[in-house]
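> Fold the following and give me the result.
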Amino acid sequence: MAEAGLGSGGSRLGATRDWLRRRAGSSLGRFALLWMRRYLEASRNSGAAASAYITLSVLPCALVAVGFFDLSGGDENAFAQRLITHLDLDPETAKLVSGTFGTTSSNMLAATVTVVLGFLIWGLSIGQIYQSLYARAWKVDVGSPADQILFTAWFFVLSGLIALMAVSAAELHAEGWLIVLPVWLLGSIAFWLWTPHFLLHGAVSLRALFPGALLGSLVTGGTIATAPLWIGTTIEKNAQAFGSFGVVVGLLAYVLIWVTISMVCAVFAPVWAEWRGREKDGAAS
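As a prediction, the model looks like this:
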């Protein structure tokens, strides 16, 4: 019986291996393998670093923007309330989130100093990480000391967009999904088109970048939309176990997933172009 069980397991393993081999030999399989290889080559495991830097610099900057410019109409908890509402957090966790993110406006000097330090230590590196990712994915040579200006501009655009999302979410939702979805999709596509075009000094055309921008918008948007189904519970459990620290860890995990997905989508366009070229050459021969 033991031999039969081993044989059965071996047969299942062999069948799985054969299925993978057949898929790898197919057109779709070649595309998937090329996409995975290009992502690993381009990202070089930089997703974790980018996620930490965004959490430590971009999010605080967005909080200060909400409070300093009074974009939220005097509600210093706009960012926290957005997280609470979107993730459908329980009252106890909501209280921790409000306490963690809702005090920026009441201590603007300290918050501003924190943002400046965060930007200088971590913020500039985020744009550089994405520039390197796109450059390796598209196999172009870019980069110079003057690019620090590009990284600075990209940092504040990203921070401003997050702040704008936080303060305008309630108004957009009040208008209904027919307003929210087109606004989100168009804004997101514009951002993911502009980002590589800007960081790569226009070395890649907007037309070539469009497939990646479209995919990135759909997938990152879907990640945000479905977040209450998977990250909300995690944050609540972390909050119960570790308090405010657990909330921050849960949000860092959320940012890590979002950043990783954005990077996977960032390499889609060059892979798509290369794969189509290869398939056409193969068909012609």
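> Just the buried positions in whatever helix or strand Arg38 lives in, please.
Per DSSP states H and E: Arg38 is located in helix 27-43. For helix 27-43, the neighbour count (16 or more other Cβ atoms under 10 Å) marks Arg30, Phe31, Leu34, Trp35, Arg38, Tyr39, Ala42, Ser43 as buried. (Each C-beta comes from the backbone N, C-alpha and C, glycine too.)
> same deal with stretch 242-253?
Residues of stretch 242-253 classed as buried: Gly246, Val247, Val248, Val249, Gly250, Leu251, Leu252 (neighbour count, 16+ other Cβ under 10 Å).
> So which of those residues sit within helices?
Mapping the buried residues of stretch 242-253 onto helices (DSSP state H) picks out Gly246, Val247, Val248, Val249, Gly250, Leu251, Leu252.
> so which two of these are the farthest from each other?
Greatest spatial distance in those: Gly246 and Leu252, 10.6 Å, computed using Cβ to Cβ.
> low-confidence ranges in the stretch 1-150 of the chain?
Across the stretch 1-150 of the chain, residues meeting the criterion (pLDDT under 70) sit at 1-14, 16-25, 68-79, 100-111.
> try it again with 90
Confidence mapping of the stretch 1-150 of the chain against pLDDT under 90 gives the ranges 1-34, 45, 56, 59-118, 120, 143-145.
> In CSV: the buried residues of stretch 242-253, plus pLDDT and distance to Leu59.
Shown next, in CSV, are the buried residues of stretch 242-253 (pLDDT from 0 to 100; distance: Cβ to Cβ, whole Å):
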residue, pLDDT, distance to Leu59
Gly246, 88, 17
Val247, 88, 12
Val248, 87, 10
Val249, 90, 14
Gly250, 90, 13
Leu251, 90, 8
Leu252, 91, 10
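> still on that earlier bit, reformat the buried residues of helix 27-43 as CSV; add distance to Leu124.
Shown next, in CSV, are the buried residues of helix 27-43 (distance: Cβ to Cβ, whole Å):
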residue, distance to Leu124
Arg30, 38
Phe31, 35
Leu34, 32
Trp35, 29
Arg38, 26
Tyr39, 24
Ala42, 20
Ser43, 19
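> how far does the helix holding Arg38 sit from the chain's center?
Chain-centre distance of helix 27-43: 19 Å, with Cα atoms, centre = their mean, to the nearest Å.
> mind starting the numbering at 41 from now?
In the new count, where the first residue is 41, that last one comes out as helix 67-83.
> by contact count, what packs against that helix?
Counting contacts by 3 or more Cβ pairs under 8 Å, 6 or more residues apart in numbering; DSSP states H and E, helix 67-83 packs against helix 42-65, helix 164-178, helix 284-306, helix 308-324.
> next structured bit after it?
Next along from helix 67-83, by DSSP H and E: helix 87-93.
> Please enumerate residues in contact with that following helix?
With contact meaning Cβ atoms under 8 Å, 6 or more residues apart in numbering, helix 87-93 is reached by 162-163, 165-166, 169-170, 292, 295-296, 298-300, 303.
> Nearest to Trp232 among those residues?
Ranked by distance to Trp232 (Cβ to Cβ), the contacts of helix 87-93 are led by Tyr170 at 10.5 Å.
> Who are the contact partners of that closest one?
Tyr170 is in contact with Ala90, Trp194, Thr235, Pro236, Leu239, Ala306, counting by Cβ under 8 Å, 6+ apart.
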